[in-house]
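Q: Sequence and predicted structure, then a few things I'm wondering about:
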Amino acid sequence: MKFQKIVDDIYRLAVNIEDENYLFEGIWPIPHGISINAYLIKGEKNVLIDLTQDIMGFPKAITGQMEGLSLAVEDIDIIVVNHMEPDHAGWLREFCKKNTKGLIYCTKKAVPLLEAFGRVPADRAVAITDGMTLEVGEYELQFFETPNIHWPETMMTYETKRKILFACDAFGSYGKVTEDAIFDDQLSEEKHAFFENEALRYYANIVAAFSGAVLKGLTKLSGLDVKIICPSHGIIWRENPGVIIDHYKRYAEYSKGPAEREITLVWSSMYGSTKSMLNLVVETIRKHKIPVHVYQAPGDDIGYILAGAWKSAGLIFGMPTYEYKVFPPMSHVIDELLVKKVTNKKVFRFGSYGWVGGAQRDFESKIEKSGWDLLGFYEWQGAPTREDEQALVQKIDAFCEELIKFTE
Ligand code: FEO
């Protein structure tokens, strides 16, 4: 990939993770890849805003892009580290061995992490204060602490003259960005839909648990006149940055509920008894004109289930009892939803049991502090009868009616 000009002497330096088997953060599948963006300001003083991950030859690729601008690692005077997670700062250790002059601008909370992750001594760091400005030749940078978007030490950098926000993880998405379309105005409608889906899944996987911090950050930055958003993952927004700001605001507000009038249905089955009710449940939901997203556990990855659940106001779990408890793969799904603070949902459960129940009691105990409103459940022994089918339909009808009221 080649460097890309944003405006004046500000450039995007980027790499793509394209290995479809790679797990982002060691957990999340990214079959459509992800871009990792750094930004360079070339001038009287050369500024590098965020770095890259130290994998797959990425430092060499970024160095090559810098060489295209007649710059070497040693020529960087100021390194802005918005965030210490290794997808952006992993190169720091090797970078600072070559570049011994550059000062690192970061938050106070990032300073110990420089040493822990990068073995970079604290005396290389300049701990910013919130709102502090830095004149760099023709450019002026302003730093804003935005804790927990994504880690506690995270900040954003704003170029005040051209009104560019270097937002790091905020406003980012999965999905590799191709050289022919790095800006929002270069994307087809289809590509916009692709990046919207990828942004939601990225948000649900990476940022969702910190939605309170996202809302605080959005309020804090609401007074800034932002013409261009340069995130560290995904496309650059220059035509209409309000689009991605609105998406992120909506995603964050899902945490307060209600989310969209949609249902995410996650199901498991051992010998087919629970599965045999699946189509009936889906048809009943559709009769109410409520979109339903169906996932199987095990089978569908939790990264996708999280995105569906985050966006849906309603959650339905279909799972059998397994040794007096929730079926173990579903237990994992529920745990992950709770870790990511999926909350303020209307919930229903159905499923079969063999010799005795237990899953419902275990389920209720697991979700006790979830903020989920369990509207009902239906269980049956063994294979369902005609009466079981009718009873379940009645309960799903009632659930859908409540969900419609909840989302009005
Ligand atoms: Fe893209 Fe939290 O790092």
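A: Received, thanks.
Q: Okay, domains of the protein per the record?
A: Following automatic domain parsing, the chain resolves into domains at 4-253, 263-402.
Q: SS state for H233?
A: Under DSSP: H, G, I helix; E, B strand; the rest coil, H233 falls in the coil class.
Q: Tell me how far it lies from the ligand.
A: For H233, the distance to the ligand (C-beta to the nearest ligand atom, to the nearest Å) stands at 6 Å. The way it works is simple: take the backbone N, C-alpha and C, and place the C-beta from them, glycine included.
Q: Could you show which parts of the stretch 101-250 of the chain are in contact with the ligand?
A: H150, D169, S232, H233 (C-beta under 6 Å from any ligand atom).
Q: Wait, the third one touches G172, no?
A: Yes: S232 is within contact range of G172, at 5.9 Å (criterion: C-beta atoms under 8 Å).
Q: Is V120 located within a strand, as I assumed?
A: No: counting by three-state DSSP, V120 is not part of a strand but coil.
Q: Relative to I290, how far out is it?
A: To I290, V120 is 52 Å away according to C-beta to C-beta, to the nearest Å.
Q: quick one: Q186 and I229, what's the gap?
A: 15 Å.
Q: brain fart, G33
A: As defined by C-beta to C-beta, G33 lies at a distance of 20 Å from I229.
Q: Look at these two and report which has more neighbours.
A: Using other C-beta atoms under 10 Å as the criterion, G33 and I229 rank with I229 on top: 25 against 18.
Q: Verify the stated contact: the more buried one with W237.
A: Yes: using C-beta under 8 Å, I229 makes contact with W237 at a distance of 4.2 Å.
Q: residues shared between the contacts of those two?
A: Any residue near both I229 and W237 by C-beta atoms under 8 Å, 6 or more residues apart in numbering counts here, and that gives F171, I244.
Q: shaky segments in the stretch 251-400 of the chain?
A: The stretch 251-400 of the chain contains no residues with pLDDT under 70.
Q: For it, just list every one of the strands.
A: Ranges of strands in the stretch 251-400 of the chain, per DSSP state E, counting those that start in this stretch, are 260-267, 292-296, 312-318, 321-322, 325-326, 345-353, 372-381.
Q: In CSV: those strands, plus mean neighbour count and distance to F195.
A: Converted to CSV, these look like this (neighbours: other C-beta atoms under 10 Å; distance: least, C-beta to C-beta, whole Å):
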stretch, mean neighbour count, distance to F195
strand 260-267, 22, 18
strand 292-296, 18, 19
strand 312-318, 26, 21
strand 321-322, 22, 39
strand 325-326, 23, 35
strand 345-353, 24, 26
strand 372-381, 18, 30
